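*Asks:* 3D model of this:
(4 chains)
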Protein chains: 2
Amino acid sequence: MLPSAQAPLYEIKANLFKGLAHPARIRILELLAAAPQETAAVSYLLAETGLEASHLSQHLATLRKHKVVTSVRTANAVTYRLAHPGISQLLAIARTFLLDNLADSNEQLRLAQQLPAGHLAGGAAS
Amino acid sequence: MLPSAQAPLYEIKANLFKGLAHPARIRILELLAAAPQETAAVSYLLAETGLEASHLSQHLATLRKHKVVTSVRTANAVTYRLAHPGISQLLAIARTFLLDNLADSNEQLRLAQQLPAGHLAGGAAS
DNA sequence: CCTTGATATGATGAATTCATCAATCCATCA
DNA sequence: TGATGGATTGATGAATTCATCATATCAAGG
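*Replies:* Residues are numbered from 1 along each chain as shown, chains lettered A, B, ... in the order given. Down below sits the predicted model:
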């Protein structure tokens, strides 16, 4: 059920978050958010994510379905763009929230051990 | 797979959004966001949402699992609280994004009909 | 102890999403 | 036209989430 003027706003919001609820789609969106004019070609996304073409297409289709991205075909190339600046804001806020969670984990670890916590996260990509 | 210091950040983000990807949970979070100190009792959430107790509990458990809320039991009452101010920011941004989508829908409708669009959404709750 | 109120958990079938491969479509070129 | 490159769609089984009811747990009072 897609966003519709007839659906309650909480349903519309939940649907938006469903569109964001997969790691591969987060990676795609972050590549777009970091690209000039929040726009990138499928070929670029393909190279950067390392996904198989059909897998990437499926995820892009989901993002289109949820109106998180828009696409334009130019000859044999298709480019995708974030549909709204709010998307990158959502990603940015999710980052601060999660970094705080990491800080909390550090705090709990320290209280548990009564020792200064070493560094916990060394491999976080984005 | 819960947020862990070892998981890539895009997986952590996707997991956060999974926690938000259900209408009932959005409603709960918005009630909390609007409550004093972003805190409310289960009994209050029960009355406001109209959900059955076990259904509400299941959703609250999901929100706890995703660290979107925290809970405290005081005697036979349990209160929930947003775990981070970022949550209400996510909801607020989702709102602006979606309102823009409504505006877009209005624009397309107008172009299609070459007539001023009447009001489309009259029943949106939140 | 039993009863009551408040809340959480367990279990199960239905629905949806995910992962993945095959096939198809679109555009270009010789 | 056929071949090639770029991108999408269709199909299917596995995994996860959702919906819902039964049961259990926690806390307080008589």
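*Asks:* show me what contacts the most centrally placed residue in chain A?
*Replies:* What sits nearest the mean C-alpha location of chain A, by CA atoms, centre = their mean, is A:Ile26, with 2.3 Å. Contact analysis of A:Ile26 by CB atoms under 8 Å, 6 or more residues apart in numbering or on different chains lists A:20, A:91, A:126, B:10-11, B:13-14, B:17. (Glycine included, C-beta is placed from N, CA and C.)
*Asks:* If you rank these by neighbours, which is first?
*Replies:* The most crowded member of the contacts of A:Ile26, judged by other CB atoms under 10 Å in any protein chain shown, is B:Lys13 (28 neighbours).
*Asks:* element containing that residue?
*Replies:* Using DSSP states H and E, B:Lys13 maps to helix B:9-19.
*Asks:* helices and strands around that helix, which ones?
*Replies:* If you count contacts as 3 or more CB pairs under 8 Å, 6 or more residues apart in numbering or on different chains; DSSP states H and E, helix B:9-19 packs onto helix A:9-19, helix A:23-34, helix A:85-113, helix B:53-65.
*Asks:* comparing these, which gets the lowest mean pLDDT score?
*Replies:* Lowest mean pLDDT of the helices and strands packed on helix B:9-19: helix A:85-113, a mean of 74.
*Asks:* Am I right that A:Val68 is in contact with A:Leu20?
*Replies:* Yes - in this structure A:Val68 lies within contact range of A:Leu20 using CB atoms under 8 Å: 7.1 Å.
*Asks:* Which neighbours do the two have in common?
*Replies:* A:Leu29.
*Asks:* Alright, that wraps it up for me.
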